[in-house]
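Q: got a predicted structure here, sequence first:
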Amino acid sequence: MSRSYHIHLLATGGTIAGAGKAGRTSGYKAGSISPDLLIKTLPPLPDYFHLTVEQICSVDSNEINDVLWLSLARRINELAKSDIDGFVITHGTDTLDETAYFLNLTVKTEKPVILTGAMRPSTATSADGPLNLFQAIHLAAKPEAFGKGVLVCFCDSIYSGRDVQKVNTYKTDAFNEQDLSCLGYMRDEDCYFLNESLAVHTTASCFDISSLTRLPRVDILSFYAGAPVDALDFYASKAQGLVISGTGSGNYSAAWKEKIRELADRHIPVVRASRIGHGIVSRDPHFESSENCFPSYTLPPQKARILLSLALTVTSSYQEMEQMFRKY
Ligand code: ASP
């Protein structure tokens with residue numbers, strides 16, 4: 001007799017739980033249907049699956065914030081001590097990549113934690129939610145998914161929570177790992193892993209969120225041709241750290257460089273990221289001329305923001321923060 005698998009579904013809302021006019025892909029309300037209804041849309045699961053469900057929240061993922069992230073990570077850390085074999089999180093696609101990275105750094109389990117969602121609401125023609133959820137549930141029970149960090153299962157592909165990004169505004173194949181492509185593929189319920197992220201995650205991560213109620217505020221600023229330098233002053237008056245979405249390989253003007261140097265006196269770390277989405281932002285003496293500034297390496301701005309915020313919970317050393325950007 002085959003063993004049974006206890007998979008726990010944590011629903012947060014999003015388009016996968018969206019409903020609207022029959023057949024239409026637009027003009028719907030995200031997070032409208034309950035997880036119980038959501039699982040009724042699934043192709044039949046084998047008897048050896050024991051699926052339990054829990055509604056964490058029911059929101060469009062643009063409403064997800066640090067308070068929700070902290071409670072979700074804490075909930076998984078608590079449930080991971082039970083007989084649950086794996087977790088599936090249904091989530092809106094707009095910030096799914098951010099939640100996946102946050103959990104990759106903060107959940108303390110090697111059990112599979114799989115995020116999924118949909119680009120089309122449950123009421124659309126050819127809704128993509130049922131297949132994505134079906135595959136995510138199967139992936140959560142696979143030994144191959146154990147110890148790989150938080151994963152995303154979407155449109156027949158498997159992605160690492162570390163590198164996944166939303167790359168399309170409306171098509172169902174909406175995620176990718178940019179230059180790295182994906183970790184592997186799903187075909188029906190079977191998984192085929194080809195790659196693995198080498199970045200440190202989950203049980204090996206140094207971040208402990210058990211007693212945090214909020215995350216330090218870190219803001220993202222975009223540099224663009226003619227961007228005013230007083231934007232830096234404004235954000236520096238609000239946040240404990242900044243991420244700059246720069247041009248090219250993390251570039252900005254001489255006036256911004258000068259202002260960032262001034263922010264060193266105010267103990268504000270500044271991470272130099274890029275708006276490009278491919279390649280790496282590495283050390284450059286022209287930019288890292290003040291100790292408070294260091295590159296994001298391969299993290300895009302929205303993920304560099306998460307890592308800097310978590311880094312600020314454990315250190316005030318710029319060198320240690322930069323090491324974390326090389327490691328995580
Ligand atoms: N706005 C929706 C959300 O992020 C989009 C989606 O889920 O695809 O919740």
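A: All right, it came through fine.
Q: residue of the stretch 1-150 of the chain nearest the ligand, please.
A: residue 92 (2.0 Å; Cβ to the nearest ligand atom). Every C-beta, even on glycine, is put in place using the N, C-alpha and C of the backbone.
Q: list the contacts for that residue?
A: Neighbour list for residue 92: 12-16, 30-31, 59-62, 64, 117 [criterion: Cβ atoms under 8 Å, 6 or more residues apart in numbering].
Q: what about these, which are in strands?
A: Judged by DSSP state E, the contacts of residue 92 include 12, 13, 59 as members of strands.
Q: and the last one, how far from residue 129?
A: Here residue 59 is placed at a distance of 16 Å from residue 129 (Cβ to Cβ, to the nearest Å).
Q: could you do the first one as well?
A: Here residue 12 is placed at a distance of 13 Å from residue 129 (Cβ to Cβ).
Q: count residues in the vicinity of the nearest residue to residue 59 once chain neighbours are set aside, would you?
A: Spatially, and ignoring its direct neighbours in sequence, residue 59 is nearest to residue 13 (4.3 Å; Cβ to Cβ, 6 or more residues apart in numbering). Residue 13: 26 surrounding residues under other Cβ atoms under 10 Å.
Q: and if you look at residue 281?
A: When neighbours are counted by other Cβ under 10 Å, residue 281 comes out with 26.
Q: also residue 304?
A: 27.
Q: per-residue confidence for it?
A: Reading off the confidence values, residue 304 has pLDDT 98.
Q: any stretches of the stretch 1-150 of the chain with poor pLDDT?
A: 1-2 (pLDDT under 70).
Q: please enumerate the helices of it.
A: 35-40, 66-79, 96-106, 129-140 (DSSP state H, counting those that start in this stretch).
Q: got the residues of the stretch 101-250 of the chain near the ligand?
A: When proximity is defined by Cβ under 6 Å from any ligand atom, the stretch 101-250 of the chain lies next to the ligand at 117, 119.
Q: where exactly do the strands run in the stretch 101-250 of the chain?
A: With DSSP state E, counting those that start in this stretch, the ranges of strands along the stretch 101-250 of the chain come out as 113-116, 151-154, 157-160, 165-166, 175-176, 184-187, 190-193, 218-222, 241-246.
Q: remind me which helix or strand whichever residue of the stretch 201-328 of the chain sits closest to the ligand belongs to.
A: Closest to the ligand within the stretch 201-328 of the chain is residue 302: 13.3 Å, counting by Cβ to the nearest ligand atom. Assigned by DSSP states H and E, residue 302 falls within helix 301-311.
Q: could you point out which element follows that helix?
A: Counting by DSSP H and E, what follows helix 301-311 is helix 318-327.
Q: now do that next one: which elements does it pack against?
A: strand 293-295, helix 301-311 (3 or more Cβ pairs under 8 Å, 6 or more residues apart in numbering; DSSP states H and E).
Q: have a look at residue 59 and residue 129 and say which one is more surrounded.
A: residue 129 (26 against 18).
Q: that one reaches residue 122, doesn't it?
A: Yes - Residue 129 is within contact range of residue 122, at 5.7 Å (criterion: Cβ atoms under 8 Å).
Q: which residues are in contact with each of these two?
A: With Cβ under 8 Å, 6+ apart, residue 129 and residue 122 have common neighbours 16, 17, 38, 41.
Q: and the second one, how many neighbours does it have?
A: When you say that, I think you mean residue 17. Neighbour tally, residue 17, other Cβ under 10 Å: 29.
Q: same check on residue 130?
A: 18.
Q: and the residue lying closest to it once chain neighbours are set aside, how far is that from residue 124?
A: What sits nearest to residue 130 in space, not counting adjacent residues and going by Cβ to Cβ, 6+ apart, is residue 41, at 4.5 Å. As judged by Cβ to Cβ, residue 41 and residue 124 stand 12 Å apart.
Q: which one's more surrounded, those two?
A: Using other Cβ under 10 Å, the more surrounded residue of residue 41 and residue 124 is residue 124, with 22 against 15.
Q: which residues does the more buried one bridge with?
A: Under the criterion DSSP bridges, residue 124 forms beta bridges with residue 23.
Q: all set, thanks.
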